[in-house]
Structure formats: C-alpha cells, structure tokens
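K.L.:
Model the structure of this input:
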Amino acid sequence: MSHIVCSSSDLQGSPCRLPAVFWDVHHAIWNTNLNLACDLVTEVKNAHKAKGVKSAWTAVAWADFAYWKYSLCKNKENLKVLDLAIDEVIEIGEGLKEKFQPPKQNSFFGSAFTSKEELSTKYSFYLDGKTVRAYGWLYRSIYHIGQEEQVKAAFYFRKSWTAFNDCKQIIEEQKKQELKTDDYVIGMVNYGLGMFHLVMGLIPPSLKSIIELVGFEGDLELGIKELTVAFESKCPRAAEAAIGLVAVKWFIQDDTEGALALLDRVSNAYPNSLVVTFFSGHFSKFTGNTPKSLEFFQSALKLASDNEFKEAVTRISCSLGTCAYLVNDWKTATTHLQNFLDVPVEETKMDYRPYSAYTLGLAYWHLDMEAGTDNHKAAITALYKEAKNWVRPDESYDAYALRKMNQFLSAGTWNPIECLVARSDALVGGQVFTKALEELEKFEEVANSTNLPTETVEEYKTIVLYLRGEARKGLKEYEEAQKLYKEAISRQATIKEETWVLPLAWFGLGEILSKQNDLVGARVQWENCKKSKGYDWEKVVDFKIFVIEQKAKLQLPQ
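P.N.:
Now for the predicted structure:
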C-alpha cells in the first residue's frame, strides 16, 4: 500500500525526521478514517518486524490509532490493544534515550572526540526518545483516568510533564551548540507543554488537592504561548493545538471571532473530522448559534453512524436532542432523545439520562399540545416511572428532574404555566432570547386561564422575572436585566419549590456587575449564591472569580 500524500493545508507541513506513516495516520484519524489509519500503520509495523527493527514514531502512530479506536468504541479488546501500544511506546522511547545519551556538558573526553554531525545525530535521537516516552506516559495517564484510577493517572501525568520539560532543555542545548533541530519534533514538545500548562492553569484554588496530587501548578499565559508555537510549527499536533487555542480564545480571551476563524481553518483542513464537527457543534451552541450547532451535530451523527462508532452515536444523539429541545424543535428533540434513551442503561453513563428523560417527556407533551391530542401521555408516564430508577440523589440535575417527573406523575399532566416556563427556559438556554421574551409575554394570559392556587402563580411569576432578566442580559440590555433580577430577588418569599431561581438571579446580577468592572459588587451577589443548598455554588463562584483573575493577569476585559 502506498502512503497517502500529506495534507498541503496550512495546518500540516511536510515530513522531515518524522516518518511518512506518522503524518499519514494522523491525517487519516482526523478525517475519521480509522480503517485507513490501521492499514497504514500495520503495513509499516509488519515491514519493520520482518527486518527486526522498531520505529519510535511508528509506535506513537499506532498508539494514536489505538487511543482513538478505544475512545470511539470502548471494549476489552480495544483496551488491551491500547495498553500494549502504550507499553511499546514507552519501551522504545526508553531504549532510544539510553542508546543515544549525548556527552555530558563540559565533558572534554565526551565532546572532543565527537564530531558536530555525530553530536547532532545523538541529540536528535535522544530527543526523539524523550519525546516519545513523554507521550507514552501521557497516554498511560489518560488510560488510568479512563479506568478511574486517579492516583496512577496523576503519577504518570507528573512523569509526562517532567519528561516534556526535559525535552525543552534538550532543545535549548541543541540550539546553544548550533546543532540541527527539527521544527516538527519541537512542535510536538511545544504542544505537550502547552496542554499541560493550559489544563493545570485552569484548575481553580478550590481544587488544590488535584494540584497537590500532580505536583505542579500551570502557567496559563505560558500554555497559550506554547500552543501557539505548536500550531504555527505545522507539526502533527497542530490541529490539537488549534482546538486548545479555540477554547482559550472563546472562554478566556472573549475573542469569539478569533476562535471561530481558527476553528474554520481546522474544519477546512479536516472536512470529515468527527472530532472537529462535534466540537464545532458545542462551540456553536455555547456561542449562541444553536441552529448552526444542530447542523454540526447532524453531520457528526452521520460520520459516527457511517463508521459504526456506537458510543459516539449515543453521545451525539443526546447532544442533538438537547439542542433541538433548546430551540423548541420538539419533533427533532423527541427523535434523538428517544434514540439516546433507547440505548441500554449498562451501555451509557448515567450523567444525562434522568434529565434527558424529563426533557423528552416535555417535548412529547408539547407535540401533543400542538396536535391537540394526548397520544404520548401513557408513554411519558411509563418513561418517568422508569427514569426514577436512574436518579443519583447527590446530583442536582438528577434531583431536579426527579422532582419535576414526580410533579407530572402526581398531577397526571403538565399545567399550562409549567409548559410556558419550561419552553421559555429552554429558549434562554439556547440563547434564542427574543423568542424567549415573546413566550414570556404570554404569562399573564396563561396564568389567568388556569385555576392554580395564588401562591403557585406568584412563584411562577418570580421565575418569569428571572428568565426575562436572563434574556435581557443575553441581549446585552444590562440595565433592564438588573431591574428584573432585583425584582425577582425581592420576591424570594414567594419561592417554595423552585429554590434554584434565587442563586441563579444573584449569579446573573453578579455577572453584569463584573462586566461593568464592579468586582466588589459582583462578589457580594456571588457570595449570596453560596447560601443556597442543593448545588455546589461555592465551587461555581470560586471558579468564576478564578477565571476573572486569570483574565486580569492576561490584561483582558472582564
């Protein structure tokens, strides 16, 4: 089999020290062609085996393939392949490091009898060994995270971090001695260091136990610089570096346009990438373009289905159904949320099942409302009874879903105001703010048409004030939003069941004040959130303040 031609996109350069198969496999993986990736690397590995040789970067290519294969199709067979692939990478990296150990600095006998060409060769292979081993330990850390073995994961995370730092020192020594260097291998090191600093730099003080377990703190600014260098090097990790930078530009630097432009470059380079398409779906959702996110998730679902990535299909179905629910597209929501929940419980994580069941029932109910029927009432009842068994009591979203499902099971119906609030809340979550406000304008009319107790209607009115505040904040009408939040907060005596409203109103008010650079006032509102029970507001608030502090360090607007 002949190697595919390396991408000529602006994300990937031409092979140098790295073997062609490493580039080819990486390109195939990112274009969701795992079968091609497997064939390419298997052919080369077999050829090497016949000659009795091993290649460090070919081993990394195989580990890359094994990692993605297991990520998209988790079973014991793929886990074993990944485990063996990681061992091979570490073993080969260790062998190279030992074989090509360069002379010690200031060693007369070591340097006097070594030509510059020989020294360059030694340093190059030594760096290969150290870099390959660093990636092997990184994969080993990820492996243990997947097995929920956190202490082992932290141990190998630390080893990988140390190894990447060693690589950086080797590169500096190469440059100091004016030896040949490889920009692509250097880019691989930059990426490793950049991701370490990015991940550890975003761990807030409230999670210091993680920092203590791993053994070092991250430098966010340095992480951004390292990832930028990795991206610009066009090394095989340029696409991964770009995804990290997209997250930084959007979440930390408030540069949505820059993030979108960078994401478009990755999408153009890898038009058939399941990873990029799925990430783009979430990015579009978080940046307020939920209709566009539906398009991305539809494309991602097709890619996953065509490649028979069962677990990916399940996860994307949940995301697709949720996004459709957020824009009140009940038909699409019911189709994909039902597909998600049809997967046996033992084959999915419980993270989203209870809440997805709750929203699926609401979507079915709205379909019936539009059709003037109650065709799905029995199905909703059966679903909610089953979903009660999935609830994890300590999870706030599960507890909320359980309370709402019990509310339906007790009454045998959703009252009209509950439906109005639910679909308006969804629209706010989907950042369809104008439509949400239009729905909320119907509150008085709907309330007057019901015979609900006065105290219940008053509680709903407080919720409506909060949702109107959220919508106005989303439209950047901050003065009006503050008035609505404050009015909702002033009515806290009306809140009996929906206790989530008050902390969210305080939090939203704090966000507006922080945007107006009134951090003292913002902190006051956020401290109020911590008084609420049923949700870990302390961690949420601490992380919010931590992000603001990080932006201040980077001299960015709040």
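
K.L.:
Every contact and neighbour count from this point should use C-alpha atoms.
P.N.:
Will do.

K.L.:
Just the buried positions in the strand or helix carrying residue 479, please.
P.N.:
Assessed by DSSP states H and E, residue 479 sits inside helix 478-490. By neighbour count on 16 or more other CA atoms under 10 Å, the buried set for helix 478-490 is 478, 481-482, 484-489.

K.L.:
What helices and strands are in contact with that helix?
P.N.:
Packed against helix 478-490 by the contact rule (3 or more CA pairs under 8 Å, 6 or more residues apart in numbering; DSSP states H and E) you find helix 454-474, helix 501-515.

K.L.:
what's the offset of that helix from the middle of its chain?
P.N.:
32 Å (CA atoms, centre = their mean, to the nearest Å).

K.L.:
What are the contacting residues of that helix?
P.N.:
462-463, 465-466, 468-473, 502, 505-506, 508-509, 512 (CA atoms under 8 Å, 6 or more residues apart in numbering).

K.L.:
mean confidence for that helix?
P.N.:
The average pLDDT within helix 478-490 is 97.

K.L.:
for stretch 296-309, same thing?
P.N.:
Mean predicted confidence for stretch 296-309 is 94.

K.L.:
Pull the distance from it to the chain's centre.
P.N.:
Using CA atoms, centre = their mean, the offset of stretch 296-309 from its chain centre is 18 Å.

K.L.:
ok, now stretch 409-420?
P.N.:
34 Å.

K.L.:
Not counting it itself, show me its contacts.
P.N.:
So stretch 409-420 is in contact with 362, 365-366, 381, 384, 408, 439-440, 443, 446-447, 450, 460, going by CA under 8 Å, 6+ apart.

K.L.:
Could you rerun that using 6 Å?
P.N.:
Defining contact as CA atoms under 6 Å, 6 or more residues apart in numbering, one finds that stretch 409-420 is touched by residue 408.

K.L.:
Between its first and last residues, how far does that stretch reach?
P.N.:
End-to-end span of stretch 409-420 (CA to CA, to the nearest Å): 19 Å.

K.L.:
List the buried residues in that stretch.
P.N.:
409, 414, 416-417, 419-420.

K.L.:
Format those as a markdown table; extra columns: distance to residue 144.
P.N.:
Compiled in a markdown table, those are given as follows (distance: CA to CA, whole Å):
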| residue | distance to residue 144 |
| --- | --- |
| 409 | 42 |
| 414 | 45 |
| 416 | 49 |
| 417 | 48 |
| 419 | 44 |
| 420 | 45 |
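
K.L.:
I'd like those as a markdown table, with distance to residue 182, pLDDT and secondary structure appended.
P.N.:
A markdown table is the format used below for the buried residues of stretch 409-420 (distance: CA to CA, whole Å; pLDDT from 0 to 100; DSSP: H, G, I helix; E, B strand; the rest coil):
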| residue | distance to residue 182 | pLDDT | secondary structure |
| --- | --- | --- | --- |
| 409 | 66 | 97 | helix |
| 414 | 65 | 95 | coil |
| 416 | 66 | 96 | helix |
| 417 | 65 | 97 | helix |
| 419 | 61 | 97 | helix |
| 420 | 61 | 97 | helix |
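
K.L.:
Farthest-apart pair in those residues, please.
P.N.:
Pairwise distances across the buried residues of stretch 409-420 (CA to CA) peak at 18.7 Å, for the pair 409 and 420.

K.L.:
ok, so of the buried residues of helix 478-490, who is nearest residue 550?
P.N.:
So of the buried residues of helix 478-490, ranked by how close each gets to residue 550 (CA to CA), first place is residue 478, at 23.8 Å.

K.L.:
Remind me which helix or strand residue 384 belongs to.
P.N.:
Here residue 384 is assigned to helix 377-387, by DSSP H and E.

K.L.:
what about that helix, distance to the chain center?
P.N.:
31 Å.

K.L.:
How about stretch 127-134?
P.N.:
Counting by CA atoms, centre = their mean, stretch 127-134 comes out at 27 Å from the chain centroid.

K.L.:
low-confidence ranges in the stretch 51-200 of the chain?
P.N.:
105-114 (pLDDT under 70).

K.L.:
Going along the chain, name the helices of it.
P.N.:
Under the criterion DSSP state H, counting those that start in this stretch, helices of the stretch 51-200 of the chain are mapped to 56-72, 76-99, 108-112, 116-146, 150-176, 183-201.

K.L.:
ok, now the stretch 251-400 of the chain?
P.N.:
256-269, 274-286, 290-306, 310-326, 330-342, 353-371, 377-387, 396-411.

K.L.:
Of those helices, which stretch is the most buried?
P.N.:
helix 310-326 (a mean of 24; mean count of other CA atoms under 10 Å).

K.L.:
Tell me which other helices or strands that one touches.
P.N.:
If contacts are counted by 3 or more CA pairs under 6 Å, 6 or more residues apart in numbering; DSSP states H and E, helix 310-326 sits against helix 290-306, helix 330-342.

K.L.:
With distance to residue 76 added, can I get those in JSON lines?
P.N.:
Listed next are the helices and strands packed on helix 310-326 as JSON lines, based on distance: least, CA to CA, whole Å:
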{"stretch": "helix 290-306", "distance to residue 76": "20"}
{"stretch": "helix 330-342", "distance to residue 76": "23"}
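
K.L.:
So for residue 521, which of those helices sits nearest?
P.N.:
Smallest distance to residue 521 across these (CA to CA): 31.9 Å, for helix 290-306.

K.L.:
Check which helices and strands that closest one sits against.
P.N.:
Using 3+ CA pairs under 6 Å, 6+ apart, helix 290-306 sits against helix 274-286, helix 310-326.

K.L.:
re the thing from before, what are the contacting residues of the helix holding residue 384?
P.N.:
354, 361, 405.

K.L.:
ok, back up a step: and the angle from the helix holding residue 479 to helix 454-474?
P.N.:
160 degrees (axes from the mean of the first three to the mean of the last three CA atoms, to 10 degrees).

K.L.:
show me the contacts for residue 374.
P.N.:
So residue 374 contacts residue 368 (CA under 6 Å, 6+ apart).

K.L.:
what are the phi and psi values for it?
P.N.:
phi -130, psi 40 (degrees, to the nearest 10).

K.L.:
next one: residue 180
P.N.:
phi -70, psi 140.

K.L.:
The residue nearest to it when sequence neighbours are not counted and residue 546, how far apart?
P.N.:
Using CA to CA, 6 or more residues apart in numbering and skipping residues adjacent in sequence, the residue nearest residue 180 is residue 120, 5.8 Å away. Distance, residue 120 to residue 546, using CA to CA: 44 Å.
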